[in-house]
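Novice: give me the fold of what follows.
(2 chains)
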Amino acid sequence: MRPVAATDAQLWVENAAPTGRWPRLRFGQVWTNRELIYFFALRDVKVRYKQAFLGAAWAGLQPLIGALAFTILFNRLANVTVDTDSYFGFALVGFIAWSYFSSALSAGTNSLLWNAELLTKVALPRIALPTAATLPPLVDLAVGTVIALVITLVWGGGTSVVGLVVGTPLGVLLLLTATAGPVLALSALIVKYRDVSVIVGFGLQLLVFLSPVGYPPELVPGIWYTLQYLNPIAGSLALLRWGLAGTPRPDLGLVALSTAVAMAGLVAGGYYFRANERQFVDII
Amino acid sequence: MGSPVIELAGVGKRYRLGEHHGTGTDLRETIARAAGRLRRRERTPPREIWSLRDISFTVGEGEAIGIIGANGAGKSTLLKVVSNITTPTEGRCRTRGRIGSLLEVGTGFHGELTGLENTYLNGAILGMTRHDVRRRLDEIIEFAGLADFMDTPVKRYSSGMYLRLGFAIAAHLEADILVVDEVLAVGDAEFQRRCLGKMSEVEQSGRTVLFVSHNMDAMARLCPHVVWLDHGTIRARGPAAQIIAEYTRTSASPAPVATFAPDPAAPAQITAVALVDANGEAQSVLNTWTQAWIQIDVIVNEPVPGLDACGLVSTKSGASLLNEALSDTGQAGAFPRGQHRWRYPLPPIFAPGEYVIGVWLGTAYETMQFDDSVLTFFIDGDDAGRPTRLLRFGTRWELDRSGDGL
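Specialist: Reported below is the predicted structural model:
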C-alpha cells in the first residue's frame, strides 16, 4: 500500500485495475503498521473508560459475576464437577476467555463499518482496523487472568508451574488466532451484507453453550468429545485452564487439532479479506 | 519539470448505480438473484457510470497541478485513485514518494479524546510515526493556535477549532506529494488564508501538489498548470490562466437574460437586461479581472424627450453601490423609434461575492419602469481575508521613503 518510511521514497507504488490473480496474504503489514494499530486500539480503550464511573473496575467485576452464574447453574444446580478444586476458578477462566472472543469478534466484525468515513477519505492499510479492534478486549483478559490466578492460588488447589508458564501463553495465542480468522472474514463480509451483525450476535449466543465455557469438556460423550476440539475455543480453554485453574495437562493431540483449525481459519479469513478489500471503499 | 512522480495510464473508474450498488448489500437480494440465474431468467444489467475514463497524464516532481471541472466531473475520484484509496476499474496509476492526502480535514477525530490524543491518533492515520508527531508537536499546536485547549476533548471544540487542529496536523505531514481536495471550502476567511499560505509554502519547498478547488482565484495563484475534467475525461490541459478562463466561460450556467413582457401602449420600455462579457455573451459568474457590461435592450414606440435610463448594482442586503444614469454623462435624449441596445461598462472593482443588478427607465419627471433586482451575478474568487469588503480597486500605493517628499 503506502510507503511507510522516507527511505521508500524512491519506490513506485502502483494502484492498478484488478488482475484477477490470487491475492497475497501480506500479514507482515500488521507489523509494519503496528503504531497505527496501537493508536486505534488506544482510542477504543480510552473512549471506553472515559466518563465511566466505575471505569476499569468493570474489567474485574464482570468475570466474577459471570463465573458465579456459571457455577450456580452447572455446579450447584446441575451437579457438574471438574478435575480441579474450585469450580468457580474453572468457570472464571472460561468466562474471561469467552468474553475476549465475543467482544473481539463483535468489535472486529464491525470495525470497517464503524470506520467507514475514515476508509473512504484516507489511504490506510485496511487490515489495521479489524486487527486493532481485537486488542482492547485484551485489557479485560489480562485483568481476568490475574484474578483467576489469585483465586486458584488462594481458594483453589494451586496450579502447576509448567502449566502456568507454558499453558497460559499458548492458550492466549491460540485464542487470538482463533479470533483473528473469523474477524477478518466477517469484517469483510459485513461490508457487503449487513445481515452479518445479526448472525454474529445470534451465533455467539449459541456458541457459548456449544463450547466448554461454563462446563468441562468431559461432559460431552463419545466421539463428540473429540469433535468438540474442532472448535478452537475448546483447545484454548484446555490450555488456559491447565495454567490458571489447575486442571491436568490437556491431551496434546486435541490441542493440535484446535490449533490446526484456528490456523486454517486465519489463512482462509485472510484470503477472503485480501480478495475483497479493494472494493470496500466502493460499496461500504 | 522534474522526473515523474505521478503517472496515470488509461485510468478508468466505473461505479454501479442503484440502491445497493448492484453488488447486493442485502443477502436476500443476492439469493434472489442467484435463484433467478438458476432459472435462467434474464438478468437486468446493473446501471453503470464511468466516473473516470481513459485518464492519462504525468506529474513531475515539484509541479503543482490544479484539477478543475464541474461537480461530478470525476475530480474527487481522480484524487482517490492517486491517493490509493480506491482502485481503478481499468488502467493504472503509479506514484513515487509519500502521499499526504487531505480529502477532508479532521477525519478520524474522536470526540471523547483530547486535542493531544487526537493529534497522535490523526497523525498515525495520516501515516506519521509517533516520533514524527512528537517532534513537530509544538509547531502543530502553534499553527492551530490551540495551546490552551490540547487537554480538552474535541467534542467541546467549536467547528473552527476542530478544523484548525485537523489542518495543522495534516499540514505538518512530511509528504512528497500533497493531494488536496476542496479543504479550503470550509472554515472562515482567516482559516482559508492560512491554508492557502501553508500550501504555497509547501509548493515552494519543491514538493508536488495536486489540488482540486472551485476557488479559481486560489487555483490560479497556486497552480501554474491545470487539468480540466469533463464527464470523467480530460477536456483540456495547459497554463492555468488560459484553461481557467475557458472553463469559466463555458461552465457558467447559461446566464439568465431578464426579459419583460412587451407593452405596446408604453412609449418606451426595457425589454431585456443582461450582464454580458466582451464577446456579448450573457454571464452570471465573473472573475475579479473580467470586464463586463450591463446591457439594456430598450424599445421606443414613441420618442420621449429626455429619455433616461439607469443601471444599478447593489449588494444582496440592498446597499446601493452603483447607480449610473445616461443623464449623468449628458447622454439622455429623445431617441428615435425602434430597438436600442445600451451597454454600461461595469468597472472591475467588485470584491468576490454576490451582487444584484437593477434597472430604471424614465425621464426627469416620471418613472416609467423600475426594478432594483432584475439579475444577480457572482464575482468568483478569494476574499483575501476581508469578507466584508465590497469593492477593490488594486490601485498602487504611492510610497515615499522617509517623508522627504512631504
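Novice: and the stretch 151-284 of chain A, which of its residues are near chain B?
Specialist: A:192-195, A:278-279, A:281-283 (Cβ under 8 Å from any Cβ of the partner chain). (Glycine included, C-beta is placed from N, CA and C.)
Novice: scan those and report the most crowded one.
Specialist: Highest neighbour count within these, by other Cβ atoms under 10 Å in any protein chain shown: A:Lys192, with 21 neighbours.
Novice: low-confidence ranges in the chain?
Specialist: I'll assume chain A. A:1-10, A:51 (pLDDT under 70).
Novice: hmm, no, I was thinking of chain B.
Specialist: Along chain B, the model assigns pLDDT under 70 to residues B:1, B:18-30, B:32-46, B:183-189, B:251-255, B:403-406.
Novice: which ones among the residues of the stretch 151-284 of chain A next to chain B lie within helices?
Specialist: Judged by DSSP state H, those include A:192, A:195, A:281-283 as members of helices.
Novice: next one: phi and psi at the residue nearest the centre of chain B?
Specialist: Nearest residue to the geometric centre of chain B (Cα atoms, centre = their mean): B:His214, 1.8 Å. The phi and psi values for B:His214, taken as degrees, to the nearest 10, are phi -100, psi 0.
Novice: domain parsing for chain B?
Specialist: Chain B breaks down by automatic domain parsing into domains covering B:4-251, B:258-380.
Novice: and the ones you listed: which comes nearest chain A?
Specialist: domain B:4-251 (3.4 Å; Cβ to the nearest Cβ).
Novice: could you find the closest non-adjacent residue to the residue in chain A that chain B sits nearest to?
Specialist: The minimum distance from chain A to chain B, using Cβ to the nearest Cβ, falls at A:Ala16 (3.4 Å). Nearest non-adjacent residue to A:Ala16, counting by Cβ to Cβ, 6 or more residues apart in numbering or on different chains: B:Arg92, 3.4 Å away.
Novice: just to check, that neighbour is in contact with A:Thr19?
Specialist: No. Contact criterion Cβ atoms under 8 Å: B:Arg92 and A:Thr19 do not qualify, at 10.2 Å.
Novice: list the contacts of B:Leu390.
Specialist: Residues in contact with B:Leu390 (Cβ atoms under 8 Å, 6 or more residues apart in numbering or on different chains) are B:315, B:319, B:321, B:350-351, B:353.
Novice: now A:Ala52: which helix or strand?
Specialist: Using DSSP states H and E, A:Ala52 is not contained in any helix or strand.
Novice: how about it, nearest residue that isn't a chain neighbour?
Specialist: Closest residue to A:Ala52 apart from its sequence neighbours, by Cβ to Cβ, 6+ apart: A:Trp58 at 7.1 Å.
Novice: for the one you found, grab the count of nearby residues.
Specialist: 15.
Novice: B:Gly106: what secondary structure?
Specialist: With DSSP: H, G, I helix; E, B strand; the rest coil as the basis, B:Gly106 sits in coil.
Novice: quick one: the helices in chain A, in order.
Specialist: For chain A, the helices defined by DSSP H occupy A:28-32, A:34-49, A:57-70, A:87-114, A:116-121, A:128-133, A:137-154, A:161-162, A:168-192, A:195-210, A:223-227, A:232-244, A:252-276, A:280-283.
Novice: and the longest one, which residues are buried?
Specialist: By that I understand helix A:87-114. A:87-113 (16 or more other Cβ atoms under 10 Å in any protein chain shown).
Novice: for the fifth one, same thing?
Specialist: By neighbour count, and taking 16+ other Cβ under 10 Å as the criterion, the buried residues in helix A:116-121 are A:118-121.
Novice: roughly how far does the residue nearest to A:Ala16 sit from B:Ser56?
Specialist: 10 Å (Cβ to Cβ, to the nearest Å).
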